[in-house]
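Participant: Sequence and computational prediction follow.
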Amino acid sequence: MHKKSIAIIGGGISGLIAARELSSRYHVLLLESAAVFGGRIRTVNEQGFKQPIEGGAEFVHGAADETLRLLKEAGINLSKVSGAFYRLQPNGKLSKEDGQVEGWELLMKKMGELEHDIALGPFLIHYFGGSQYNALRTQAITFAEGFDLADISKVSVKSLYQEWSHQSEDHRIDGGYKRLIDYLVNDCLKKGCELMLNKTVKEVRWHIGNVQLFTADAVKYEADQCLITVPLGILQKANTPMALSFTPPITDYLSALADIGFGTVIKVILSFKERFWEEDAGFFFSEEKIPTWWTQLPSHIPVLTGWAGGKQGAALSLLTEQQLIEIALTSLARIFNKDVSWIKERLAGQLIFNWLQQPTVLGAYSYATTASAAVINYLNTPIDDTVYFAGEGLYDGLHPGTVEAAIVNSLAVIRKMN
């Protein structure tokens, strides 16, 4: 029997999962614009760092069943994230936090009782606008902007409630997420998939049962169907080097994609000659320009990861790497009440990941807006059984913006293929 052919655009984990699963019934061609597979998974080994460092996805959040299943299949172990939370107080002192800010349970109760979805910003003003809730509003906004990378004027309260009420333990992958990417790439090759790097698809010409892809290096590829797994940042921006055009146009699809939020983040990773923070410290929170930092616990290597998301991350993304390093060191100096020169003397290595400026990504990961629920089902429906979309941005579940979301959505979409 004739085997159908499918072209997959995007070699992140969504594309690799799809390639592997479809290989038994399709001739699979996967085209990735970057020089490496993995997309927003970016594990690196750099001088000055004593173990692999995660520039992109870092944690396995909670009961991520599909991710855990894959890791078990690949024989890759996990380590539980540990450590205490410390916060920089207005008096300039770091203090250990034992729990959530006062009023958090009431906040969650109100979020859960909400009948009609609204954005977090208006929700906080309506229910928690008084001065007695200043700390509570600050923490809710910090979580939404810092961890969900969301615009509080757009992000869905219902989606945040679903996510925040299902928090559980986090883990790291021993040796980094790249081990999982390498496993999937090797398995795809064993199954006969054709995987190509440095192939930027610029145009998708399609009609029912046929797709022609034209790349930036003027090569044409043809298939019966096409699965597009590139990040939302690429699909939402028409005038960028990696932008995709469609012939005939798919205007309604692209308009619907604009209703899903896509955040950005600056990730700064600094290695030091020795640890100068409390041995039990896992996370540090502050109001500095790079406000959130974490250690590598349970590993005791002297590395701190800085994280600035949301509006703060977008503003910082316009700066040079050297400017970002200076801001990072200044933030740490204030958090630990040290001179910047003291911090610099102990610096052994530095890495900056400015995801909004990564041309193959243009952001970090998605969040649900108040309009997302109405378009997700539509976006997960193929165009004439010929053009399909998949990825973490099209996921609707308890693990938004994660590797798990990318895997689950990819599996759900390929089950619809004939």
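Facilitator: Okay, I see it.
Participant: secondary structure class for residue 68?
Facilitator: Secondary structure, DSSP: H, G, I helix; E, B strand; the rest coil: residue 68 is helix.
Participant: need the contact list for it.
Facilitator: Counting by CB atoms under 8 Å, 6 or more residues apart in numbering, residue 68 touches 60, 78. C-beta coordinates here come from the backbone N, C-alpha and C atoms, glycine included.
Participant: any idea which helix is longest in this structure?
Facilitator: helix 321-335 (DSSP state H).
Participant: Would you mind pulling the contact partners of the following helix or strand past that one?
Facilitator: As assigned by DSSP states H and E, the chain's next helix or strand after helix 321-335 is helix 340-345. The contact list for helix 340-345 (CB under 8 Å, 6+ apart) reads 329, 330, 332, 333, 336.
Participant: mind listing what's buried in helix 340-345?
Facilitator: For helix 340-345, a neighbour-count test (16 or more other CB atoms under 10 Å) marks residue 343 as buried.
Participant: Then stretch 227-245?
Facilitator: Quick answer for stretch 227-245 (16+ other CB under 10 Å): 227-236, 242-244.
Participant: okay, how far is it across it, tip to tip?
Facilitator: Start-to-end span of stretch 227-245 (CA to CA, to the nearest Å) is 14 Å.
Participant: Show me what counts as buried in the worst-scoring helix or strand of the chain on mean pLDDT.
Facilitator: Between all helices and strands in the chain, the lowest mean by mean pLDDT, DSSP states H and E belongs to strand 94-97, at a mean of 90. Residues of strand 94-97 classed as buried by neighbour count (16+ other CB under 10 Å): residue 94.
Participant: which helices and strands does the next helix or strand after that strand pack with?
Facilitator: Downstream of strand 94-97, the next assigned helix or strand under DSSP H and E is helix 104-113. Helices and strands touching helix 104-113, by 3 or more CB pairs under 8 Å, 6 or more residues apart in numbering; DSSP states H and E, are helix 120-127, helix 134-146, helix 157-164.
Participant: which residue sits closest to residue 174 in space, ignoring its chain neighbours?
Facilitator: Nearest residue to residue 174 in three dimensions, chain neighbours excluded: residue 77, at 4.6 Å (CB to CB, 6 or more residues apart in numbering).
Participant: same question, residue 21
Facilitator: That would be residue 414: by CB to CB, 6+ apart, it lies 5.5 Å from residue 21.
Participant: and what of residue 269?
Facilitator: In space, and not counting its chain neighbours, residue 269 is closest to residue 351: 4.4 Å by CB to CB, 6+ apart.
Participant: before we move on, what about residue 10?
Facilitator: Using CB to CB, 6+ apart and skipping the chain neighbours, the partner closest in space to residue 10 is residue 229 (3.6 Å).
Participant: Good, we can wrap up now.
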